[in-house]
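Novice: What follows is a predicted protein model with its sequence.
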Amino acid sequence: MNTWVMLGLMLLLIVVAAEVFTNALEHLGERLKISEGVTGSLFAAVGTAMPESMVPLVAILAGTDDAHVNEEIGVGAILGAPLMLSTLTLGLMALSVVRRRGLRGHLTPERKGLRRDLHFFQLAFGLSLLALFIPHGTPAGRLSLAIGLVFVYFIYVMMTLRVSAQLVADGHGTQAHAPMYLCRAGLPDSNLVLGTQLVLGFLLLIGGAKGFVHAVHGLAGAIGMSPLLLSLLIIPVATELPEKVNSILWIRRHKDTLAFGNITGAMVFQGSLLPAIGIMLTPWVASPVVLSGILVTLVASTWLTVLAHRGQLMVWHLLVNGALYVSYLLFVLLV
């Protein structure tokens with residue numbers, strides 16, 4: 001099968017699987033009576049992060065027969081996802097509402113949750129940056145940082161859940177926007193069906209990610225681009241589609257908390273747990289492409305953090321994040 005066709009089919013499978021998985025998660029959040037902030041930052045973020053999470057995991061643990069290629073695809077996908085979310089995705093969100101709200105139109109996500117997400121992300125990604133400079137021959141140091149990243153995400157989840165009850169009481173409870181897909185097919189609306197749809201979506205994601213890794217390997221050889229650079233630039237653009245689409249739809253409906261929570265929650269998830277795996281199972285070295293990608297991501301998230309603390313988040317502010325992605329793209333392609 002043609003490599004481009006294979007890539008397109010696997011991408012389609014991944015997107016469909018993510019939709020099935022996220023649809024079930026929305027219903028789970030509604031049944032558990034948790035807030036929009038928790039659903040956006042934890043449930044929707046983790047659910048829509050599954051495609052780009054599965055790709056590096058499958059690449060590192062069960063990718064192609066070439067271990068070096070597997071490592072490059074894994075590292076590129078791990079670091080590329082937060083880069084895309086903090087730059088291009090936020091820029092696309094701004095472009096989607098610039099005609100309705102104007103360049104100086106205000107964006108109004110729940111500020112405490114946004115600041116919490118960003119602070120945890122910067123802490124986790126800062127540790128990932130530090131790990132680049134710890135030699136692979138010192139496993140104790142790397143293990144300590146990897147455990148620290150897992151602990152950061154655990155604390156983040158606990159803090160996010162702790163504020164849920166009050167937000168629900170204030171009228172910010174989660175509501176599923178559509179029936180479960182399996183229920184549309186005639187199955188009863190039960191916990192068993194909910195669990196079945198979650199498992200089905202997860203298995204489809206794994207299958208799609210496996211095929212996607214093999215397609216990327218073939219494409220890298222065909223066009224003469226390194227698997228690392230290809231996975232930094234191409235895989236995240238494709239696999240971040242669920243976050244982009246969901247957040248753009250939400251922000252156009254003036255559901256800014258859900259829109260931002262979906263992005264920043266995914267950033268925390270992908271900036272902590274996945275780098276922990278990369279640190280332990282790949283060389284994780286500071287090449288120019290990798291180091292510059294991490295630095296651009298941290299600059300973009302710092303810019304958003306400053307704006308969140310000021311409480312004056314406008315549409316044009318997110319266009320700056322989009323411009324940072326264009327700058328990084330030019331750098332890696334021209335250097």
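Specialist: Looks like it came in fine. What you see is a predicted model; the values in this text were computed from it and never measured. Residues are numbered from 1 along each chain as shown.

Novice: shaky segments in the stretch 151-300 of the chain?
Specialist: Filtered on pLDDT under 70, the stretch 151-300 of the chain yields the residue ranges 164-177, 209, 213, 217, 220-221, 237-243.

Novice: try 80 this time
Specialist: In the predicted model of the stretch 151-300 of the chain, residues 160-178, 202, 205-246, 258 satisfy pLDDT under 80.

Novice: just the helices in it please.
Specialist: Applying DSSP state H, counting those that start in this stretch to the stretch 151-300 of the chain gives helices spanning 164-169, 181-184, 191-223, 227-233, 235-239, 241-252, 256-281, 288-310.

Novice: So which other helices or strands are in contact with the last one?
Specialist: Yep, that's helix 288-310 we're talking about. helix 67-84, helix 111-131, helix 227-233, helix 315-334 (3 or more C-beta pairs under 8 Å, 6 or more residues apart in numbering; DSSP states H and E). For every residue, glycine as well, the C-beta is placed using N, CA and C.

Novice: what's that helix in contact with?
Specialist: Helix 288-310 has contacts (C-beta atoms under 8 Å, 6 or more residues apart in numbering) with 75, 79-80, 82-83, 86-87, 90, 111, 114-115, 118-119, 121-122, 125-126, 128-129, 132, 228-229, 232, 267, 313, 317, 320-321, 324-325, 327-328, 331-332, 335.

Novice: Weed out the non-buried ones from those residues.
Specialist: In the contacts of helix 288-310, burial by neighbour count holds for 75, 79-80, 82-83, 86-87, 90, 114-115, 118, 121-122, 125, 128-129, 228-229, 232, 267, 313, 317, 320-321, 324-325, 328, 332, counting by 16 or more other C-beta atoms under 10 Å.

Novice: Could you tell me the per-residue confidence at the closest residue to residue 200 other than its chain neighbours?
Specialist: Leaving aside its chain neighbours, residue 200 sits nearest to residue 20 (6.3 Å; criterion: C-beta to C-beta, 6 or more residues apart in numbering). Looking at residue 20, its pLDDT reads 83.

Novice: mind listing what residue 20 touches?
Specialist: By C-beta under 8 Å, 6+ apart, the neighbours of residue 20 are 181, 197, 200, 201, 204.

Novice: Which of those residues sits closest to residue 10?
Specialist: The closest of these to residue 10 turns out to be residue 204 (C-beta to C-beta; 10.9 Å).

Novice: State the number of residues packed around that closest one.
Specialist: 20 (other C-beta atoms under 10 Å).

Novice: can you pull the contacts of it?
Specialist: 13, 16, 17, 20.

Novice: Repeat that for residue 180.
Specialist: 23, 24, 27, 189, 193, 194, 197.

Novice: again, but for residue 143
Specialist: By C-beta under 8 Å, 6+ apart, the contact list for residue 143 reads residue 280.

Novice: Is residue 133 in a helix, a strand, or coil?
Specialist: Using DSSP: H, G, I helix; E, B strand; the rest coil, the structure places residue 133 in coil.

Novice: before we move on, the earlier item: and the contacts of residue 180, which of them are buried?
Specialist: Counted by 16+ other C-beta under 10 Å, the contacts of residue 180 give 23, 24, 27, 193, 194, 197 as buried.
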